[in-house]
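**Student:** coordinates only, sequence not included:
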């Protein structure tokens, strides 16, 4: 494990030192006070001797209250597709910076399963204490924005760490299907991610992926609290192609995602696709195998996505020729239109850009349904 010291998730031996480091951080202590009103950090420390203690006593506790305050409930399906004694490599669509992986672990923990290790990009580790905190919550670091040669070295190390965690530690992992969130909700698995998984290995591409117990995960939020921030980012890039998010923008997205209203939330865990991935060996080139593997994961994510009235309504508003009226009530449409207006009013640059912003917001809610329809039609062709 020494080879991975700079990226690995913390283990039980690291807990005491990590908590001592965090106890010296005023911003972290303020967050603890907000999350656990009236509690003394010294008393909380007594409940945390292991990583499991940290997750069960603090993270799961906080998420439970967060769900009550900012959602209409979390549901899930597909637990019968996983084996509690085997590590799973969850690859999912990516909506929320923090909650996608956190809520998967909430579901696993509260149903008696071990939690996953979490891949997190170092661009989000804005302060040193954030890096300490996420590693304490079973996160490992994905290094980004490096020179090409260094990136190759770090990608090979990351690949080996993922295989070590899955196959030797027998610990599950969650990773997003692509770098960054799909801000338009057009969920596609990155070929670069899949190629990274095979770096530094002695197996062929299909054998490597087939050995990882890849388990596609579909994540659906009825409402995305960050939708207006995503629409604004599209607009700012349209106005200035050189526009880049700042560290403060990332912090705002993280906070908004956690605190903002999400409506209903649903996670579906698909059956592992190892057998299908091994069969890709029959394809002639690695690029063909990578494309096919991406499409296999995407198909499961698209087919198993849970839809809410807003998805059908958004599709109709973008494509008036479509008719999904059987899936929603008239009052649902009124609620969604009111919600859109409220979110758009939060964008400072709204004036003069209403049509563009509205289209982008609707696209975010319609794209998962569009992808589902395409995947469903493709499935019917092969039946």
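**Tutor:** All right, it came through fine. Model, not experiment: these values are computed from the prediction. Numbering: from 1, shown residues only.

**Student:** Does residue 154 touch residue 143 like I think?
**Tutor:** Yes: assessed by C-beta atoms under 8 Å, residue 154 is found in contact with residue 143 at 4.6 Å. C-betas here are computed from N, CA, C, even on glycine.

**Student:** where do the strands sit along this structure?
**Tutor:** 74-77, 89-92, 117-121, 139-142, 173-176, 214-221, 265-269 (DSSP state E).

**Student:** Parallel or antiparallel, list what pairs with the second one.
**Tutor:** When pairing is defined by DSSP bridges, strand 89-92 lines up against strand 173-176 (parallel), strand 214-221 (parallel).

**Student:** And the contacts of it?
**Tutor:** By C-beta atoms under 8 Å, 6 or more residues apart in numbering, the residues outside strand 89-92 that reach it are 100, 104, 116, 162, 166, 172-177, 189, 212-219, 269, 297, 301.

**Student:** how about a cut-off of 6 Å?
**Tutor:** 166, 173-175, 177, 212-217, 219, 297 (C-beta atoms under 6 Å, 6 or more residues apart in numbering).

**Student:** Just the buried residues of the helix or strand bottoming out on mean pLDDT in the chain, please?
**Tutor:** Using mean pLDDT, DSSP states H and E, helix 41-45 stands out as the lowest-scoring helix or strand of the chain, at a mean of 76. In terms of neighbour count (16 or more other C-beta atoms under 10 Å), helix 41-45 has its buried residues at residue 44.

**Student:** So for the residue nearest to residue 196 when sequence neighbours are not counted, what pLDDT did the model give?
**Tutor:** Once flanking residues are discounted, residue 196 sits nearest to residue 155: 4.9 Å by C-beta to C-beta, 6 or more residues apart in numbering. For residue 155, the model assigns a pLDDT of 96.

**Student:** Please apply the same query to residue 337.
**Tutor:** Taking residue 337 on its own, its pLDDT is 98.

**Student:** try residue 200
**Tutor:** 65.

**Student:** Next: residue 1.
**Tutor:** pLDDT, read off for residue 1, is 61.

**Student:** repeat for residue 247
**Tutor:** The model reports residue 247 with a pLDDT of 89.

**Student:** do you know how far it is from residue 126?
**Tutor:** 5 Å (C-beta to C-beta, to the nearest Å).

**Student:** Next: residue 109.
**Tutor:** Residue 109 sits 27 Å away from residue 126, going by C-beta to C-beta.

**Student:** Check residue 338 too.
**Tutor:** 34 Å.

**Student:** Could you pull up the contacting residues of residue 117?
**Tutor:** Going by C-beta under 6 Å, 6+ apart, the list of residues near residue 117 reads 9, 138, 140, 165, 171, 173.

**Student:** Kindly indicate which of these lies nearest residue 83.
**Tutor:** The closest of those to residue 83 turns out to be residue 171 (C-beta to C-beta; 13.5 Å).

**Student:** Let me see the backbone angles for the closest one.
**Tutor:** Main-chain torsions, residue 171, degrees, to the nearest 10: phi -110, psi 130.

**Student:** and the closest residue to it other than its chain neighbours, how many neighbours does it have?
**Tutor:** With sequence-adjacent residues excluded and distances taken as C-beta to C-beta, 6+ apart, residue 171 is closest to residue 165, at 5.2 Å. Neighbours of residue 165 under the rule other C-beta atoms under 10 Å: 22.

**Student:** surely residue 165 meets residue 174?
**Tutor:** No: if you go by C-beta atoms under 6 Å, residue 165 and residue 174 don't touch, sitting 11.2 Å apart.

**Student:** Residues that sit against both of these two, list them.
**Tutor:** In contact with both residue 165 and residue 174: no residue, using C-beta under 6 Å, 6+ apart.

**Student:** Distance check, the nearest residue to residue 84 once chain neighbours are set aside against residue 94.
**Tutor:** Of all residues not flanking residue 84 in the chain, residue 113 sits nearest, at 5.4 Å (C-beta to C-beta, 6+ apart). Relative to residue 94, residue 113 is positioned 21 Å away (criterion: C-beta to C-beta).

**Student:** between the two, who's got more neighbours?
**Tutor:** Neighbour count, other C-beta under 10 Å: between residue 113 and residue 94, residue 94 has more, with 20 against 16.
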